[in-house]
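In: Quick check, what structure comes out for this input:
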Amino acid sequence: MAQVRYAICGHPVSHSLSPLLFGLVMSNLEKFGKNIEFKVKKTKLELVDTSAIEDALGWGYADHTPHPPKWDYTGAPFGKYRTEALVQKALEAALDVEDADSRLSSSFESELEDQEVQSHSFLLEARLKHLPTHCLEHEVWLNLTSPLKHQLSSEAVSTIDDSMSLQSVNALRWDGQAWWCAGVDGCGVVTVAQYHGVQVGNGALLGVVGGGGAARATVDSWLKAGGAVRLFPGKRLLEIPLEFESDDTDRPLDFAVDFDGHGEYDDVFASCQTRLNPRYQSLDGDVESRIEHLLVTPLDGRWMLVAQHLESWRRLWAPQYAAYLPSIGLLLTQLVHAETVLNAYA
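Out: Have a look, this model is predicted:
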């Protein structure tokens, strides 16, 4: 039975929902019993608040962070009884929900690639890149957020995609023998767009504001998926290794993402019917009001968070279990219920 240590690393991280998502996915997988190599009780969750990639890797090696921050949702660090107990309560309540809320389900799923075929493709791709497709006894899985995504540049780390050259690494895996990395922000955005009916492969037009790691990864993934991109002025220039020309036609946008979060757009960007705000904040209210919040435009950052988290599992951490993973709609529904439980004890 494998043991997994998981951390979200960056600054700040006290607001991050990634540890809760990790617990939810692990709990969903555990339902499949002996088909799964790891168990929830053998996992460890942590926040590593740092502005240096060396500290993130150091936690991976040594399992120690000198000043663990308090988690916003419990008011205590991970490892303390309060946080451990409340996370368990939240997971138990969320796992009672076995079906996605119909409003968070996709009416376009029939147009997506068959899940079984897609899951098999992830496993084949992992094997082609010599990524371990079974869990060793002790594994370390990390998610990176700002300002760490652009800092990893080492021949000692094997990358399964172009994330290192894009300076957009946000997922790491130590399998007991070597480090592996990937960038899943971009494929997460593509998945969210497809989930909402955007046909990226047919040349759908993406509007982008921003030039950071997530923006670079998104443009790269969108172009490789067959779409077109139009860049809008932001805080910094977007540069990626792949040469492309920004769309300068007058056709409307099919999807739009503001990575800068400035909220001031021209008419073309603002008129896009399906926009995404990658950021998310704590929500108040009951389950119903939270779900309603997730339905409005621009889409809350939880959509992207859930999608990219699932991509971490299927592409890097456990491609052998891709077919067992919950859907975006189910995981988002369970996240809403889990957050509501935690909020009741705030």
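In: and residue 86, what helix or strand is that in?
Out: Assigned by DSSP states H and E, residue 86 belongs to helix 81-95.
In: Show me which positions of that helix end up buried.
Out: Buried positions in helix 81-95, judged by neighbour count with 16 or more other CB atoms under 10 Å: 83, 86-87, 90-91, 93-95. For the C-beta atoms, the positions are set from N, CA and C on the backbone; glycine is no exception.
In: which residues touch stretch 244-259?
Out: Identification of contacts with stretch 244-259 by CB atoms under 8 Å, 6 or more residues apart in numbering yields 189, 193, 196, 198-200, 204-212, 214-215, 218-219, 223, 227-231, 234, 265, 268-269, 271-272, 274-278, 298.
In: mind saving the C-alpha coords of stretch 211-231 as CSV?
Out: Output of stretch 211-231 as CSV, limited to C-alpha atoms (Å, rounded to 0.1, in the frame of the first residue of the first chain):
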residue,chain,number,x,y,z
GLY,A,211,1.6,37.0,-19.5
GLY,A,212,2.4,34.8,-16.5
GLY,A,213,3.0,31.1,-16.3
ALA,A,214,-0.7,30.1,-16.4
ALA,A,215,-1.3,32.4,-19.4
ARG,A,216,1.7,31.0,-21.3
ALA,A,217,0.6,27.4,-20.6
THR,A,218,-3.0,28.2,-21.7
VAL,A,219,-2.0,29.8,-25.0
ASP,A,220,0.3,26.9,-25.7
SER,A,221,-2.3,24.2,-24.9
TRP,A,222,-5.1,26.0,-26.8
LEU,A,223,-3.0,26.3,-29.9
LYS,A,224,-1.9,22.7,-29.7
ALA,A,225,-5.6,21.6,-29.3
GLY,A,226,-6.4,23.3,-32.6
GLY,A,227,-7.7,26.7,-31.5
ALA,A,228,-6.7,30.3,-32.3
VAL,A,229,-5.7,33.0,-29.8
ARG,A,230,-6.1,36.7,-29.6
LEU,A,231,-4.0,38.6,-27.1
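In: Can you point out the buried residues in that stretch?
Out: By neighbour count on 16+ other CB under 10 Å, the buried set for stretch 211-231 is 211-223, 225, 227-231.
In: Filter these down to the ones in strands?
Out: Members of the buried residues of stretch 211-231 lying in strands (criterion: DSSP state E): 228-231.
In: Farthest pair within those?
Out: The widest separation within those, taken as CB to CB, falls between 228 and 231 and amounts to 11.1 Å.
In: By mean pLDDT, which helix or strand of this protein comes out lowest?
Out: Among the helices and strands of the chain, helix 115-128 carries the lowest confidence by mean pLDDT, DSSP states H and E, at a mean of 80.
In: what does that one rub up against?
Out: By CB under 8 Å, 6+ apart, helix 115-128 touches 112, 133, 160, 314-315, 319-320, 322-323.
In: phi, psi of the residue lying farthest from the centre of the chain?
Out: Within the chain, residue 250 marks the point farthest from the mean C-alpha position, 32.2 Å out by CA atoms, centre = their mean. Backbone geometry at residue 250, expressed as degrees, to the nearest 10, gives phi -110, psi 10.
In: Helices along this protein, start to end?
Out: Assigned by DSSP state H, the chain shows helices spanning 18-30, 53-62, 81-95, 115-128, 163-166, 185-195, 213-224, 267-270, 287-295, 302-312, 328-344.
In: Can you lay out these as TSV showing distance to residue 102?
Out: TSV is the format used below for those (distance: least, CB to CB, whole Å):
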stretch	distance to residue 102
helix 18-30	19
helix 53-62	39
helix 81-95	17
helix 115-128	19
helix 163-166	35
helix 185-195	14
helix 213-224	28
helix 267-270	29
helix 287-295	10
helix 302-312	16
helix 328-344	8
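In: right, and those helices - which one's nearest residue 152?
Out: For those, proximity to residue 152 was assessed by CB to CB; helix 53-62 is nearest, at 5.5 Å.
In: What are the buried residues along the closest one?
Out: In terms of neighbour count (16+ other CB under 10 Å), helix 53-62 has its buried residues at 53, 55-57, 59-60.
In: okay if I get those as a markdown table plus pLDDT?
Out: Converted to a markdown table, the buried residues of helix 53-62 look like this (pLDDT from 0 to 100):
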| residue | pLDDT |
| --- | --- |
| 53 | 95 |
| 55 | 94 |
| 56 | 94 |
| 57 | 93 |
| 59 | 94 |
| 60 | 92 |
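In: on that earlier part again, the helices of the chain: lowest mean pLDDT?
Out: Of all these, mean pLDDT reaches its minimum on helix 115-128 (a mean of 80).
In: Please tell me how far stretch 303-317 is from the chain's geometric centre.
Out: In this view, stretch 303-317 has its centroid 4 Å away from the chain centroid, taken as CA atoms, centre = their mean, to the nearest Å.
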